[in-house]
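**Student:** Sequence and predicted structure, then a few things I'm wondering about:
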Amino acid sequence: MSVLNTGLVKAGADPVWYGSRGVFAGGYQGSGVYVNIMDYITIASTGDATDFGDRSIVASFAGTCSNGTRGCWAGGSAPNSNVIDYITFASTGNATDFGDRTITAGSLCGCSDGTRGVFMGGWSNDTIDYITIDTTGDATDFGNLVGTWGMQGGCADSTRGVAAGGYQNTNQINYITIQTTGDAVDFGNLTGNFYAVAGCSDTTRGMFGGGYGGGGPRNNIQYITIASTGDATDFGDLTHTCESPAAASDATRAVWAGGGYSDDIIDYVTIQTTGDATDFGDLTEGRSNIDGNAGE
């Protein structure tokens with residue numbers, strides 16, 4: 001999730017939660033095959049992804065957060081985990097252990113204001129916990145979501161974090177104020193009942209793409225204005241239907257990657273417009289339940 005054009009956090013600059021490099025980690029390839037693969041792209045360009053390294057665990061459907069320099073992945077399914085690991089976006093290589101969540105859960109979402117990373121929910125779980133991204137260590141309890149949905153999409157601006165959708169097919173959107181602690185509050189509703197949507201944002205607009213709803217994978221893209229409350233609005237369509245893709249942003253473009261057991265498609269849109277997505281390139285390997293992050 002993910003402008004300073006460099007994506008770096010510099011002295012005196014506001015923290016960021018996005019960046020020029022998108023990294024897509026983990027995933028499920030069907031028939032019980034889970035992977036720890038990490039790929040990366042340069043979001044402002046187009047082309048196929050390149051190998052970055054590996055997560056420290058084999059997992060899918062983790063929660064992610066970024067401070068523009070460091071990206072963190074928390075938990076995941078295969079089996080459910082409490083592990084948090086991290087990378088430095090500007091380098092390539094394998095992830096390093098960061099600490100542990102307060103719970104063991106997969107099918108969660110994450111977000112960040114560029115300083116604090118927040119992990120929300122998990123399978124049949126409403127727990128919210130948080131870390132300070134610049135340090136390492138275990139997560140701390142934050143509060144609770146409105147429902148125990150799991151499989152939500154997360155995004156944030158510099159103040160609020162948002163969790164949208166969830167299993168079984170809810171349209172609910174929750175939000176928190178990231179630098180406080182406490183329970184989430186109702187924000188509004190998605191355009192339909194969805195789970196396994198992938199979220200990202202620029203400094204004002206939150207985007208949710210793909211997911212499962214209405215009996216199958218979807219190609220919907222929808223958006224909200226994070227600083228307000230209210231229902232999501234239709235943005236356009238992805239180039240293909242996908243369930244559990246990854247999302248990342250450089251605060252100009254939003255990209256979605258994967259979303260099916262053999263799906264390697266990467267799409268993009270310009271966040272402050274509306275319209276259908278354009279093909280970007282391909283992942284190194286197709287997979288669903290993949291998790292995106294951005295920085296550099």
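**Tutor:** Nice, I can see it.
**Student:** distance between the ends of stretch 91-111?
**Tutor:** By CA to CA, to the nearest Å, the extent of stretch 91-111 from end to end equals 22 Å.
**Student:** If you count neighbours, what's buried in it?
**Tutor:** Of all the residues in stretch 91-111, those buried under the rule 16 or more other CB atoms under 10 Å are 95, 98-103, 105-111. Quick note: C-beta positions are derived from backbone N, CA and C, even for glycine.
**Student:** That stretch - what's its average pLDDT?
**Tutor:** Mean pLDDT, stretch 91-111: 97.
**Student:** one step back: out of the buried residues of stretch 91-111, who's nearest residue 195?
**Tutor:** residue 107 (8.8 Å; CB to CB).
**Student:** Wait, residue 71 touches residue 65, no?
**Tutor:** Yes. Counting by CB atoms under 8 Å, residue 71 touches residue 65, with 7.4 Å between them.
**Student:** Is residue 147 part of a helix or strand, or is it coil?
**Tutor:** Secondary structure, DSSP: H, G, I helix; E, B strand; the rest coil: residue 147 is coil.
**Student:** Might you report the residue contacts of it?
**Tutor:** 126, 166, 170, 172, 174 (CB atoms under 8 Å, 6 or more residues apart in numbering).
**Student:** which residues touch the lowest-mean-pLDDT helix or strand in the chain?
**Tutor:** Least confident helix or strand of the chain, by mean pLDDT, DSSP states H and E, is strand 212-213 with a mean of 94. Outside strand 212-213, the residues that touch it by CB under 8 Å, 6+ apart are 169, 192, 193, 194, 195, 196, 218, 220, 243, 244.
**Student:** Need these in JSON lines (columns: neighbour count).
**Tutor:** Below are these laid out as JSON lines (neighbours: other CB atoms under 10 Å):
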{"residue": "169", "neighbour count": "17"}
{"residue": "192", "neighbour count": "16"}
{"residue": "193", "neighbour count": "17"}
{"residue": "194", "neighbour count": "28"}
{"residue": "195", "neighbour count": "24"}
{"residue": "196", "neighbour count": "26"}
{"residue": "218", "neighbour count": "22"}
{"residue": "220", "neighbour count": "22"}
{"residue": "243", "neighbour count": "24"}
{"residue": "244", "neighbour count": "28"}
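**Student:** In a markdown table: those, plus distance to residue 184, pLDDT and secondary structure.
**Tutor:** Below are the contacts of strand 212-213 laid out as a markdown table (distance: CB to CB, whole Å; pLDDT from 0 to 100; DSSP: H, G, I helix; E, B strand; the rest coil):
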| residue | distance to residue 184 | pLDDT | secondary structure |
| --- | --- | --- | --- |
| 169 | 19 | 80 | coil |
| 192 | 21 | 95 | coil |
| 193 | 19 | 96 | coil |
| 194 | 18 | 95 | coil |
| 195 | 17 | 96 | strand |
| 196 | 19 | 97 | coil |
| 218 | 24 | 97 | strand |
| 220 | 23 | 97 | strand |
| 243 | 24 | 94 | coil |
| 244 | 22 | 96 | coil |
